[in-house]
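Q: pasting the sequence and the predicted model now:
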Amino acid sequence: MIKILSAAALLLCAPAAALASGGHSPDISPIWIAPFALLLLCIAVLPLAANHWWERNSSKALVSGFFALIFSAYMLLAFGQAGGTSLLHALLHEYLPFIVLLTALFVISGGIYIKGSLAGTPLSNSAFLVIGAVLASLIGTTGASMVLIRPLLRANRAREKKVHLVVFFIFVVSNCGGLLTPLGDPPLFLGFLKGVPFSWTLQLWKEWLTVNGLLIIIGNVVDQYMLSREEKERKGSQLEAVLMHEPLGIVGWHNFFFLGGIVLVILGKGQGWGGEWPFGMQEILMTALTLAAYFTTKKEIRAANSFTFAPIIEVAVLFFGIFITMIAPLTVLNVHGKELGLTDPWQFFWAAGALSSFLDNAPTYLTFAATAAGSMGVSVENQKYLAEFLATGGAQAAEILIAISCGAVFMGANTYIGNGPNFMVKAIAEENGVKMPSFFGYMAWSCGLLLPLFVLVTLIFFW
């Protein structure tokens with residue numbers, strides 16, 4: 001205990017520059033990947049083994065905090081100040097911006113109520129996905145998910161079988177739709193900060209159109225089948241019920257200005273408007289916009305949206321433990337990444353994608369991007385090293401970075417923890433009475449539908 005307290009005291013004196021850069025990664029033993037793996041196992045198993053206990057966010061916080069504490073103690077005992085610096089870097093420079101951004105988008109979009117409803121037909125549901133795929137690249141996967149998930153659920157409230165609608169929504173709106181701009185998904189934004197030109201990702205429109213187009217078509221076929229099946233199983237005409245809809249309108253429209261403000265803050269930091277921003281400035285501005293949106297929105301609007309803080313609290317407590325414990329697998333990968341022998345785009349696509357399914361896709365993207373840059377002699381000490389990587393490596397570097405970008409964004413849809421919005425959409429759906437699949441149940445959907453699609457993408461674009 002004394003050694004832990006001493007190490008903690010040393011942290012308070014850690015140089016600001018070391019914290020900003022994350023310092024040198026300690027040489028973590030691969031065995032310490034266990035807390036991360038066990039936390040994921042708990043997220044997968046406890047909803048099945050202890051469902052009522054796990055439903056409480058306090059229970060999730062207890063489990064998440066337990067594994068975070070074990071790993072933090074190891075880091076402080078084994079590496080002292082260096083280990084503590086890594087922990088602080090994970091919290092202040094990775095978890096904090098992540099959760100502040102998600103909270104901002106969650107709260108602001110929760111004040112936008114789309115009154116009325118579309119008909120809950122397969123065609124209307126496909127239209128939701130099309131709109132969501134476009135919005136995901138404009139206001140981010142989280143923003144688009146929070147704006148559209150409640151209207152989608154409301155449009156289909158008369159239907160009993162709607163799990164598939166939420167699953168395809170997570171596939172498209174919460175993940176694959178965010179490929180076209182750095183605003184769409186966190187890994188692309190980090191790439192932007194490391195020197196990738198803002199418009200560079202627009203060239204990924206072919207991959208974006210292929211994956212999202214096929215998912216929307218497949219989703220429409222599945223939805224038609226589910227509606228026909230429900231027609232046979234239930235009394236009365238289900239089609240007649242879902243065709244009922246009310247005129248659409250938007251209440252709380254002023255929150256779109258706050259969403260625009262969040263986008264401008266992200267752009268401002270990335271472009272360096274006004275010079276390099278001091279640490280915390282982005283989070284302070286986002287918090288101010290969030291509070292302004294919350295207090296200028298009528299309570300009746302949030303009540304109409306069935307808005308509660310429970311979903312974002314669930315994300316916050318679970319990802320706290322995930323961000324702390326995933327230091328181990330990311331550090332091991334960073335140290336031994338070159339030993340994987342990755343050379344071809346398809347290898348980077350699947351390696352980045354597989355890990356993005358279970359690790360946060362943003363640091364996974366950077367890890368593989370740094371590995372690729374290092375293979376071409378580009379030092380990651382340069383803040384804009386990806387700009388140098390693209391300039392030095394030419395077409396080969398571009399192909400590899402495209403593969404890493406697609407893998408990180410697309411395969412975040414493979415599990416509930418692959419991307420932040422996945423859990424939020426799941427929680428909102430459950431609050432609205434949709435019995436969502438378990439961790440492994442969701443993976444049955446993703447493995448059955450997404451993996452064959454990603455094999456096709458590999459053959460078309462990366463082979």
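A: Structure received. Everything numeric in this text was worked out from a predicted model, so none of it was measured.
Q: what mean pLDDT does the longest helix along the chain get?
A: When the chain is parsed with DSSP state H, its longest helix is helix 122-155. What helix 122-155 shows for mean pLDDT is 90.
Q: from the contact counts, what lies against it?
A: Counting contacts by 3 or more CB pairs under 8 Å, 6 or more residues apart in numbering; DSSP states H and E, helix 122-155 packs against helix 96-109, strand 113-117, helix 163-172, helix 205-233, helix 255-271, helix 420-431. Placement of C-beta: from N, CA and C, glycine included.
Q: ok and it relative to helix 255-271, angle-wise?
A: 100 degrees (axes from the mean of the first three to the mean of the last three CA atoms, to 10 degrees).
Q: what are the buried residues along helix 122-155?
A: Across helix 122-155, burial judged by 16 or more other CB atoms under 10 Å covers 122, 124-129, 131-155.
Q: again with stretch 402-418
A: In stretch 402-418, counting by 16+ other CB under 10 Å, buried: 402-418.
Q: then stretch 348-367?
A: Applying 16+ other CB under 10 Å to stretch 348-367 flags 348-353, 355-367 as buried.
Q: now the end-to-end length of that stretch.
A: 11 Å (CA to CA, to the nearest Å).
Q: do the same with stretch 425-436
A: Using CA to CA, one end of stretch 425-436 lies 10 Å from the other.
Q: quick check: mean pLDDT of that stretch?
A: Taken as a whole, stretch 425-436 has an average pLDDT of 90.
Q: mind listing what's buried along that stretch?
A: For stretch 425-436, burial by neighbour count (16+ other CB under 10 Å) applies to Val425, Lys426, Ala427, Ile428, Ala429, Glu430, Asn432, Val434, Met436.
Q: and what of stretch 209-216?
A: Those would be Thr210, Val211, Asn212, Leu215, Ile216, for stretch 209-216 by 16+ other CB under 10 Å.
Q: of all those, which comes closest to Ala44?
A: Closest to Ala44 out of those is Leu215 (24.0 Å), distances taken as CB to CB.
Q: isn't the closest one up against Ser126?
A: No: using CB atoms under 8 Å, Leu215 is not in contact with Ser126, being 10.1 Å away.
Q: what about stretch 406-423, how long is it end to end?
A: Using CA to CA, one end of stretch 406-423 lies 21 Å from the other.
Q: which residues in this protein form strands?
A: Ranges of strands within the chain are 113-117, 246-251, based on DSSP state E.
Q: which residue is the nearest non-sequential neighbour of Ala351?
A: The shortest distance from Ala351 to any non-neighbouring residue, by CB to CB, 6 or more residues apart in numbering, is to Leu342 (5.9 Å).
Q: list the contacts of the one you found.
A: Phe348, Ala351, Phe368, Thr371, Ala372, Ser375 (CB atoms under 8 Å, 6 or more residues apart in numbering).
Q: could those residues go into CSV alongside pLDDT?
A: Converted to CSV, these look like this (pLDDT from 0 to 100):
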residue, pLDDT
Phe348, 94
Ala351, 92
Phe368, 86
Thr371, 82
Ala372, 86
Ser375, 79
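Q: select from the residues you listed every entry located in helices.
A: Those of the contacts of Leu342 lying in helices (DSSP H): Phe348, Ala351, Phe368, Thr371, Ala372, Ser375.
Q: pLDDT value on Cys447, please?
A: 96.
Q: give me every residue that touches the residue nearest to it when sequence neighbours are not counted.
A: Excluding the flanking residues, the one nearest Cys447 by CB to CB, 6+ apart is Asn414, at 7.6 Å. Asn414 sits next to Gly353, Ser356, Ser357, Met443, Ser446, Cys447, Leu450, Leu451 when contact means CB under 8 Å, 6+ apart.
Q: roughly how far apart are Asn414 and Ser438?
A: Per CB to CB, to the nearest Å, Asn414 is found 15 Å from Ser438.
Q: quick revisit: show me the two of the ones in helices among the contacts of Leu342 that sit farthest apart.
A: Most distant of the ones in helices among the contacts of Leu342, by CB to CB, are Ala351 and Ser375, 13.1 Å apart.
Q: Ile108 is in contact with Leu289, correct?
A: Yes: the pair Leu289 / Ile108 is scored as a contact, 7.1 Å apart, by CB under 8 Å.
Q: and for the two, which residues touch both?
A: Phe258, Ile262.
Q: any idea how far Ala44 is from Trp54?
A: Distance from Ala44 to Trp54, by CB to CB: 11 Å.
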